[in-house]
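[1] Could you look at this predicted model? Sequence included:
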Amino acid sequence: MVYVQLCVIALVSLAVLSGAVAAQEPEGATVAECIAAEGNLTTLVSLLERTGLNETLSNETQNVTVFAPTDDAFAQLPPDLTELLVNSTESEILLPEVLLYHVIEGSYNASNLEEIGVIESVQGENLVFNRTDNLTVNGVNVTTADIQCSNGVLHVISGVLLPSFIPQAPGENVTMTDVQMTNVSSL
């Protein structure tokens, strides 16, 4: 009898806890809200706010797929590149371009991306999708796929995608003279 009562208490507690967890997930959340809700994307949230792209990703009339680098992914960027993207006078131009390289128009689940293989980013350069053990975008692992949002799909990735105009040698000193911007996008 005590065992049955403990089981009932455990089930009720589990139901209450699962309801609390579900209540934390924003229902009908936009891509920007989904990014903020993930918890390990705080650097991305900050950069989107800084550039105003959070408002773009909150637009219910625009359907987008976003590849969201984790905080760890941003921490792995060479310090000179981070300085150039975030703190230089050129960051107003460069940072939005890098962030828009993580966005494609339309909603794409992982299986769609795998089938299509190559899609142009909003920034203007192509993203390449492959699957061996797991889905990759430009060789970067998708760690969490298919987060459905009200205006698109979110995929969490383990690295920062860099457009071709940014030198990509690890640890290389990157300056504005190294950057050769060919495509300037607008979303």
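    The structure has been received and is ready for your questions.
[2] Sort out which residues of whatever helix or strand D80 lives in are buried, please.
    Element membership for D80, per DSSP states H and E: helix 79-82. For helix 79-82, the buried set under the neighbour-count rule, 16 or more other C-beta atoms under 10 Å, comprises D80, L81, T82. Bear in mind the C-beta positions are built from the backbone N, C-alpha and C, glycine included.
[3] What average pLDDT does that helix get?
    For helix 79-82, the per-residue pLDDT values average out at 89.
[4] Distance from the chain centre to the helix or strand just after that helix, please.
    Towards the C-terminus, the helix or strand next in line after helix 79-82, according to DSSP H and E, is helix 91-100. Using C-alpha atoms, centre = their mean, to the nearest Å, we find the averaged C-alpha position of helix 91-100 to lie 14 Å away from the chain's own average C-alpha position.
[5] Okay, buried residues for whatever helix or strand comes next after helix 91-100 please.
    Remark: after helix 91-100, the chain's next helix or strand is strand 103-105, criterion DSSP H and E. Counting neighbours by 16+ other C-beta under 10 Å, one finds that the buried residues in strand 103-105 are V103, I104.
[6] how far away is T143 from G159?
    Look at T143 and G159: by C-beta to C-beta, to the nearest Å, they are 10 Å apart.
[7] out of these two, which sits in the more crowded spot?
    Neighbours were tallied for T143 and for G159 using other C-beta atoms under 10 Å; the higher tally belongs to G159 (20 against 17).
[8] In three-state terms, label that one for me.
    Using DSSP: H, G, I helix; E, B strand; the rest coil, the three-state assignment for G159 comes out as coil.
[9] Give me the helices and strands touching the longest strand seen in the chain, please.
    Using DSSP state E to define each element, the chain has its longest strand at strand 140-149. Using 3 or more C-beta pairs under 8 Å, 6 or more residues apart in numbering; DSSP states H and E as the contact criterion, the elements in contact with strand 140-149 are helix 31-38, helix 110-116, strand 135-137, strand 152-157.
[10] Lovely, talk soon.
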